[in-house]
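Enquirer: What would the 3D arrangement of this be:
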Amino acid sequence: MTLDIITPDKRIYQGPATAVFFPGVDGSFEVLDHHAAMVSALTSGDLRVTTPTETIDFQIDGGVVEIVDNKVTVLAEGVSL
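Expert: Down below sits the predicted model:
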């Protein structure tokens, strides 16, 4: 799947991912390849991206995630590594 992490200021990450772990407002959840379409609100916490070669941890300040056609788009209020 492809992943975009975007803040109001800039694009933080764009590239492939095999799994993404999110801090959802109703609890944490993970998205894998070919996940069903969905939209979810995110709270502050750890967003973990697993790529084919590495794992990257981001701290987000809340936001929204949209999953459609194996593309994951995160609109985050703020992000730090």
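
Enquirer: which intervals of the chain have sub-threshold pLDDT?
Expert: By pLDDT under 70, the chain contains no weakly predicted segment.

Enquirer: for the helix or strand harbouring Ser44, which positions count as buried?
Expert: Taking DSSP states H and E as the criterion, Ser44 maps to strand 38-50. Neighbour-count burial for strand 38-50, counted by 16 or more other CB atoms under 10 Å, picks out Leu42, Gly45, Leu47, Arg48, Val49. Any C-beta I mention is one placed from the backbone N, CA and C, and that applies to glycine too.

Enquirer: so where does Glu22 fall, helix or strand?
Expert: Quick fix: residue 22 is Phe, not Glu. Applying DSSP H and E, one finds Phe22 within strand 19-24.

Enquirer: Output that strand as CSV, nothing but the C-alphas.
Expert: This file holds the C-alpha atoms of strand 19-24, laid out as CSV (Å, rounded to 0.1, in the frame of the first residue of the first chain):
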residue,chain,number,x,y,z
ALA,A,19,1.5,-2.1,7.9
VAL,A,20,0.6,1.1,9.8
PHE,A,21,-0.4,1.2,13.5
PHE,A,22,-2.6,4.1,14.5
PRO,A,23,-3.7,5.7,17.8
GLY,A,24,-7.5,5.8,17.1
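
Enquirer: Next up, phi/psi of Asp33, please.
Expert: Phi and psi for Asp33, reported as degrees, to the nearest 10, are phi -50, psi 140.

Enquirer: now it: how far from Phe22?
Expert: Asp33 sits 15 Å away from Phe22, going by CB to CB, to the nearest Å.

Enquirer: quick one, which of those two is more surrounded?
Expert: Phe22 (22 against 10; other CB atoms under 10 Å).

Enquirer: which residues does that one contact?
Expert: By CB atoms under 8 Å, 6 or more residues apart in numbering, the contact set of Phe22 is Ser28, Phe29, Glu30, Val31, Ser40, Leu42, Leu47, Val65.

Enquirer: Which strand residues bridge the fourth one?
Expert: According to DSSP bridges, the partner residues bridging Val31 are Val20.

Enquirer: I'd guessed it sits against Val20; true?
Expert: Yes. Look at Val31 against Val20 with CB atoms under 8 Å: they come within range, at 4.9 Å.
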